[in-house]
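>>> have a look at this prediction, sequence included:
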Amino acid sequence: MQPRWKDGSKAMLTVNALFAGFSAAMLVNLVLRPAEDNVPFYLAIFLAIAALYCFAFAAELITDALDEGQRAKYVNSMKVYNLGVICILWSLGAFLWIHGPNSFWIIAIVASIYPWLKDLWWLLFAKKADKDAYYARLDTVDGG
């Protein structure tokens, strides 16, 4: 039996791969469009690239955490993953600003607030006692 963070790591590798695929598809869709001379277009491209990088880096951190048995690297991967999700949702929001129905871009931006922006904020700024309790839960083993 393994600690929760190791069991969760395997699933998170798959999730990161799926989001990286979505980011790459978004990036290809943006790059193959005729260039538009406006800030949301370039912002969408930049954020899609940032998201793709975040998901690849998060997956690398997870594999390092599993190889080295370091829970701290797993937690760092969760920070990078949450940042990646925020980037791809904001990229989608910028894309919808240009090409979507009126105000649809707001849905993508608001969707990033919970849980991803909230979780990233907590992972970065939670009190030490709260983080210690979270780390202790990550080290527990499910089952009997």
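Perfect, thanks for sending it.
>>> can you give me the strands in the chain?
Assigned by DSSP state E, the strands in the chain number zero.
>>> check which helices and strands the helix or strand bottoming out on mean pLDDT in it sits against.
Within the chain, confidence by mean pLDDT, DSSP states H and E is lowest for helix 105-111 among all helices and strands, at a mean of 91. Packed against helix 105-111 by the contact rule (3 or more C-beta pairs under 8 Å, 6 or more residues apart in numbering; DSSP states H and E) you find helix 71-99. Every C-beta, even on glycine, is put in place using the N, C-alpha and C of the backbone.
>>> average model confidence for the helix it packs on?
Averaged across helix 71-99, the pLDDT comes to 96.
>>> picking up where we left off before, ok, and for the least confident helix or strand of the chain, which residues are buried?
Buried residues in helix 105-111, counted by 16 or more other C-beta atoms under 10 Å: W105, A108, I109, A111.
>>> ok, stretch 7-26 next?
G8, S9, M12, L13, V15, N16, F19, A20, F22, S23, A24, M26.
>>> looking at the residues you listed, which are in helices?
The helices, defined by DSSP state H, take in G8, S9, M12, L13, V15, N16, F19, A20, F22, S23, A24, M26 from the buried residues of stretch 7-26.
>>> can I get those residues in TSV with distance to L61?
Output for these, formatted as TSV (distance: C-beta to C-beta, whole Å):
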residue	distance to L61
G8	13
S9	10
M12	10
L13	10
V15	13
N16	9
F19	14
A20	13
F22	19
S23	17
A24	19
M26	22
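>>> any chance of the buried residues of stretch 7-26 in TSV, with pLDDT and distance to K118 too?
Output for those, formatted as TSV (pLDDT from 0 to 100; distance: C-beta to C-beta, whole Å):
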residue	pLDDT	distance to K118
G8	90	18
S9	94	22
M12	96	18
L13	96	23
V15	97	18
N16	98	19
F19	98	18
A20	98	22
F22	97	21
S23	98	21
A24	98	26
M26	96	23
